[in-house]
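A.B. asks: What shape does this take:
(2 chains)
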Amino acid sequence: MPDFSLIIVLVVALALIFDFTNGFHDTANAMATPIATGAMKPKVAVGVASILNLVGAFLSTEVARTISGGIIKEGDGGVLITPELIFAGLIGAIVWNLVTWLMGLPSSSSHALFGGLIGATIIGVGTQAVDYNVVAAKVILPALIAPVIAGVVALVATRLAYMITRRDVGQPDGRGGFRYAQIFSSSLVALAHGTNDAQKTMGVITLTLIAGGFQAVGSGPTFWVIAACALAIAIGTYTGGWRIIRTMGTGLTEIKPAQGFAAETSTAATILASSHLGFALSTTQVASGSVIGSGLGRRGSTIRWGMAGRIALGWVMTLPASAIMGAFAAGLALLGPIGIVLDMVIGTIVIMVLFRWSRRNRVTHHTLLNDIDDAGRVVSIKKTPRRLSRSARRKVSL
Amino acid sequence: MIDWAAFLIVSAASLVSAALVVSLYSLGLRLFTTAGRIPLVGPHEFTGAITVLSPKKAAKQVKRARKAAAANPLSDAQKRLALYAGCVCFILCAVAVLYGVYLIVPVLHA
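C.D. replies: Numbering: from 1, shown residues only, chains lettered A, B, ... in the order given. Sure, this is the predicted structure:
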């Protein structure tokens, strides 16, 4: 059946593309705050995140085994998800990920994936194939809870950090020292992300290979699948979703080193606690909640609630929007080989259009630097600065 | 269907662990500052969104830090104690981070 293996090749390729978009969409979760406070240079930060994602993907394959997580009733007495439906779901997820990236919105890639698969299943099999209770308990409720928990934790942590380091006015408080800690806390977030998110793609590919009879039922992902997914997410992370980094790092609130450290530690603690106590939360939502919480925790800082509202709207839209796109793609894919070709053509055109659109106002680490430098120039210095003594330069490495 | 107990445990665990790590590190910074070793870490080339230090301002800060350290009312022994206590805080913090890594890698605890 050459037709059958062709669709499987397509699904694997699309899954890797999705993994790539997942990577650059989620760089911001770990690296937006250290970039914003200047704890790490932008390129160094995304490099570190990318390596940790690569390593993380090899560390664990537990999540990959339970990817669909019962949302779609498969198995005995349930329905069979065909590769065509997975293909359609992936198209929906990729397109929605690119749309939110273009708008600079941090949105959950897993929700996009679930949404796409749910939409495709509803069209392909029927509404009864989706277990809505599981959707509510595993996707919608955590989405409401995640930012709240993370926000409260980050608020408390920020308050503590400022309280403990508070000194009399005019006395140096050493809060710049939080920058060292930020390197470690953000790395922890990146590693946790790697062990979770690359898994989802591995799960999808493995599911497809099993459905196509290439792999025994119940077996885990093979080595080449793990390696390919790890590479795809690492390359995606290194590309850096600068638009989303800008939103998270400077769009929500001004971030100072103490806040950045508190936010990252809260993100890491919340993700680790949730994934170990069986209550999976979205990394993106936890990280955004932490940033807002740390903004609330510092006296005199302001939160741009308009931006926070846009982000929240993006979260609400993610599941239905990617479901609609997945459903549309599934409708075409069910027409047979012509439908699949049509799907691919339309998908490619949409991606090209989005990419062209993004070129109009490019955001790279250079423009990010310029934005910040311009902000600095407004408050800047009138006289030409004197050269520092050597010891002073060593201490305050600008 | 909705597991409220798990939700409570997750919130409590994250709150306690994040608060612990942040407090330890802050306490370490505080003790170092008290001991006269004020950590001055400038923004790393990428002059952060907020703190824009000119070299002059930076030099001023270094000077102020030296002055503050010189005017420290603590005796040498007290300073040394604060420094060691600060080190202990940082080490405990590092242990907490390593525990995080241990939790992330299933090979270690499976």
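
A.B. asks: Could you say which helix or strand holds the spatially most central residue of chain B?
C.D. replies: Centroid check for chain B by C-alpha atoms, centre = their mean gives residue B:25 as the closest residue, at 2.6 Å. Taking DSSP states H and E as the definition, one finds residue B:25 inside helix B:4-34.

A.B. asks: Against which helices or strands is that helix packed?
C.D. replies: Counting contacts by 3 or more C-beta pairs under 8 Å, 6 or more residues apart in numbering or on different chains; DSSP states H and E, helix B:4-34 packs against helix A:141-165, helix A:178-211, helix A:257-276, helix B:76-104. C-beta: built from backbone N, CA, C; applies to glycine.

A.B. asks: Let's see the shortest one as PDB, backbone CA atoms only.
C.D. replies: Translated: helix A:257-276. The C-alpha coordinates for helix A:257-276 follow below in PDB (Å, rounded to 0.1, in the frame of the first residue of the first chain):
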ATOM      1  CA  PRO A 257      16.300  41.100  38.200                       C
ATOM      2  CA  ALA A 258      14.700  40.300  41.600                       C
ATOM      3  CA  GLN A 259      11.300  40.000  39.800                       C
ATOM      4  CA  GLY A 260      12.700  38.000  37.000                       C
ATOM      5  CA  PHE A 261      14.300  35.500  39.400                       C
ATOM      6  CA  ALA A 262      11.100  35.200  41.400                       C
ATOM      7  CA  ALA A 263       9.000  34.700  38.300                       C
ATOM      8  CA  GLU A 264      11.300  32.000  36.800                       C
ATOM      9  CA  THR A 265      11.500  30.200  40.100                       C
ATOM     10  CA  SER A 266       7.800  30.200  40.400                       C
ATOM     11  CA  THR A 267       7.400  29.000  36.900                       C
ATOM     12  CA  ALA A 268       9.800  26.100  37.500                       C
ATOM     13  CA  ALA A 269       8.300  25.200  40.900                       C
ATOM     14  CA  THR A 270       4.700  25.200  39.600                       C
ATOM     15  CA  ILE A 271       5.600  23.100  36.500                       C
ATOM     16  CA  LEU A 272       7.600  20.600  38.500                       C
ATOM     17  CA  ALA A 273       4.900  20.300  41.200                       C
ATOM     18  CA  SER A 274       2.100  19.900  38.700                       C
ATOM     19  CA  SER A 275       3.800  17.400  36.500                       C
ATOM     20  CA  HIS A 276       4.800  15.300  39.600                       C
END
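
A.B. asks: That one: how far from the chain's middle?
C.D. replies: Relative to its parent chain, helix A:257-276 has a centroid offset of 15 Å by C-alpha atoms, centre = their mean, to the nearest Å.

A.B. asks: CA atoms only for the following helix or strand past it, dumped as CSV, please.
C.D. replies: Using DSSP H and E, the helix or strand that follows helix A:257-276 in sequence is helix A:283-297. C-alpha atoms of helix A:283-297 as CSV (Å, rounded to 0.1, in the frame of the first residue of the first chain):
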residue,chain,number,x,y,z
THR,A,283,4.2,26.0,30.5
THR,A,284,3.1,29.1,28.6
GLN,A,285,0.2,29.9,30.8
VAL,A,286,2.3,29.3,34.0
ALA,A,287,5.1,31.5,32.7
SER,A,288,2.7,34.4,31.7
GLY,A,289,1.0,34.1,35.1
SER,A,290,4.3,34.4,36.8
VAL,A,291,5.4,37.5,35.0
ILE,A,292,2.1,39.2,35.9
GLY,A,293,2.4,38.0,39.5
SER,A,294,5.9,39.4,39.8
GLY,A,295,4.7,42.7,38.4
LEU,A,296,2.0,42.9,41.0
GLY,A,297,4.6,42.0,43.7
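
A.B. asks: show me where pLDDT drops low in chain B?
C.D. replies: B:1-2, B:40-54, B:69, B:110 (pLDDT under 70).

A.B. asks: Thank you kindly, that will do.
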